[in-house]
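S.K.: Show me the folded form of this:
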Amino acid sequence: MTGTSEGPGATADGPGAVRKALRVLEALPDHGGVTELAAATGLPKSTVHRLLRVLVETGFARTDDSGYRTGDRVLALAGKVLYRFDPAVQADPALVRLRDDTGCTVHFAMRFGGELLYVHKVEPDKPYRMGSRVGMRLPWHTSAIGKAVLAELEPDAARALAGPGELPARTANSLTGWPELTAQLAEVRAAGHALDDGENEAGVRCTGAAVRDHSGAVVGGISVSTLALEHGMDELREFGPRVRAAAAEVSTALGHRR
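M.R.: Numbering: from 1, shown residues only. Sure, this is the predicted structure:
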């Protein structure tokens with residue numbers, strides 16, 4: 001804050017002043033008044049008012065008839081960040097850790113309109129490779145990631161994505177009735193992760209969990225995939241907490257604040 005009209009007092013706290021300013025800036029999209037911001041940040045109103053003056057002077061905040069608002073400098077900065085933002089790159093560290101922890105293939109898929117597509121895949125060092133590939137479309141009702149996402153949506157939205165009428169079978173294990181799938185989605189919500197017991201591809205099992213973005217919206221999910229000959233369903237269930245933790249890491253990397 002050096003060089004503002006606040007004088008020496010504005011920089012007296014050094015890093016502490018920066019932290020306080022960031023707290024105010026982070027609360028600004030949801031709170032427009034000094035009193036509200038003070039309550040949201042836990043800072044004295046005098047401190048909030050002083051920091052707001054600096055933020056306005058530097059373009060990171062602005063004022064209107066209803067109070068303070070996020071400034072144009074924040075929007076410009078966000079635009080530059082998003083231009084270079086690649087969700088797959090952001091997710092990679094968590095996916096690599098999950099692969100190393102489980103020894104399984106790890107996938108990251110995202111929603112694009114009404115479709116669910118793989119955007120990243122991390123393979124273990126094994127003599128076989130999964131047939132999945134980046135860009136491949138996933139079915140909503142038979143894949144672990146698809147079910148993990150559907151479980152987080154309102155019933156009407158989930159039904160619209162899964163499709164009308166009887167659901168197509170991918171394997172002999174696929175659920176094709178919406179009532180049966182609805183019951184399974186309730187179990188997914190309770191557990192926090194979904195299972196695919198050879199429902200999408202015969203002989204392949206998966207555990208998946210949903211991923212959220214900065215707005216809290218469910219934008220996709222991650223999964224671990226393995227051969228049924230290598231891991232039983234009990235082991236897949238044991239992977240659940242690890243997959244959920246990795247999904248939370250990816251969500252944080254995408255800006256989600258829990």
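S.K.: Sheet-wise, list the partners of whatever helix or strand Arg111 lives in with their directions.
M.R.: Assigned by DSSP states H and E, Arg111 belongs to strand 105-112. Under the criterion DSSP bridges, strand 105-112 sits next to strand 115-122 (antiparallel), strand 218-227 (antiparallel) in its sheet.
S.K.: buried set for that strand?
M.R.: Across strand 105-112, burial judged by 16 or more other Cβ atoms under 10 Å covers Thr105, Val106, His107, Phe108, Ala109, Met110, Arg111. Where C-beta positions appear, they are placed from N, C-alpha and C, glycine not excepted.
S.K.: Closest one of those to Thr252?
M.R.: Comparing the buried residues of strand 105-112 against Thr252 with Cβ to Cβ places Phe108 closest, at 14.1 Å.
S.K.: ok, back up a step: including mean neighbour count, could the strands paired with strand 105-112 go into JSON lines?
M.R.: Output for those, formatted as JSON lines (neighbours: other Cβ atoms under 10 Å):
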{"stretch": "strand 115-122", "mean neighbour count": "18"}
{"stretch": "strand 218-227", "mean neighbour count": "26"}
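S.K.: between the ones you listed, which gets nearest to Asn200?
M.R.: Comparing the strands paired with strand 105-112 under Cβ to Cβ, the one sitting nearest is strand 218-227, at 9.4 Å.
S.K.: what about the strands paired with strand 105-112, which gets the closest to Ala190?
M.R.: Ala190 lies closest to strand 218-227 among these, at 16.6 Å (Cβ to Cβ).
S.K.: From the contact counts, what lies against the helix or strand just after that closest one?
M.R.: Sequence-wise, the next helix or strand downstream of strand 218-227 (DSSP H and E) is helix 233-238. Helices and strands touching helix 233-238, by 3 or more Cβ pairs under 8 Å, 6 or more residues apart in numbering; DSSP states H and E, are strand 194-197, strand 204-212.
S.K.: how deep is Gly146 tucked in, by neighbour count?
M.R.: Per other Cβ atoms under 10 Å, the neighbour tally for Gly146 reads 27.
S.K.: quick one: it and Pro139 touch, right?
M.R.: Yes - using Cβ atoms under 8 Å, Gly146 makes contact with Pro139 at a distance of 5.9 Å.
S.K.: Mutual contacts of these two, please.
M.R.: Common contacts of Gly146 and Pro139, defined by Cβ atoms under 8 Å, 6 or more residues apart in numbering, comprise Leu116.
S.K.: what's the helix or strand for Leu51?
M.R.: Counting by DSSP H and E, Leu51 is found in helix 45-57.
S.K.: What residues of that helix count as buried?
M.R.: Per 16+ other Cβ under 10 Å, helix 45-57 contains these buried residues: Thr47, Val48, Arg50, Leu51, Leu52, Val54, Leu55.
S.K.: closest to Ala160 among those residues?
M.R.: Leu55 (42.1 Å).
S.K.: Excluding chain neighbours, what is closest to the closest one?
M.R.: Excluding the flanking residues, the one nearest Leu55 by Cβ to Cβ, 6 or more residues apart in numbering is Ala61, at 3.7 Å.
S.K.: Dig out what the one you found forms beta bridges with.
M.R.: Going by DSSP bridges, Ala61 forms beta bridges with Thr70.
S.K.: that older thread, export the buried residues of helix 45-57 to a markdown table and append columns for distance to Gly177 and pLDDT.
M.R.: As requested, the buried residues of helix 45-57 are exported to a markdown table (distance: Cβ to Cβ, whole Å; pLDDT from 0 to 100):
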| residue | distance to Gly177 | pLDDT |
| --- | --- | --- |
| Thr47 | 59 | 91 |
| Val48 | 56 | 89 |
| Arg50 | 62 | 90 |
| Leu51 | 57 | 90 |
| Leu52 | 57 | 89 |
| Val54 | 60 | 89 |
| Leu55 | 55 | 88 |
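S.K.: can you redo the residues you listed as CSV with distance to Arg212?
M.R.: Rendered in CSV, the data for the buried residues of helix 45-57 read as follows (distance: Cβ to Cβ, whole Å):
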residue, distance to Arg212
Thr47, 32
Val48, 29
Arg50, 35
Leu51, 30
Leu52, 30
Val54, 32
Leu55, 28
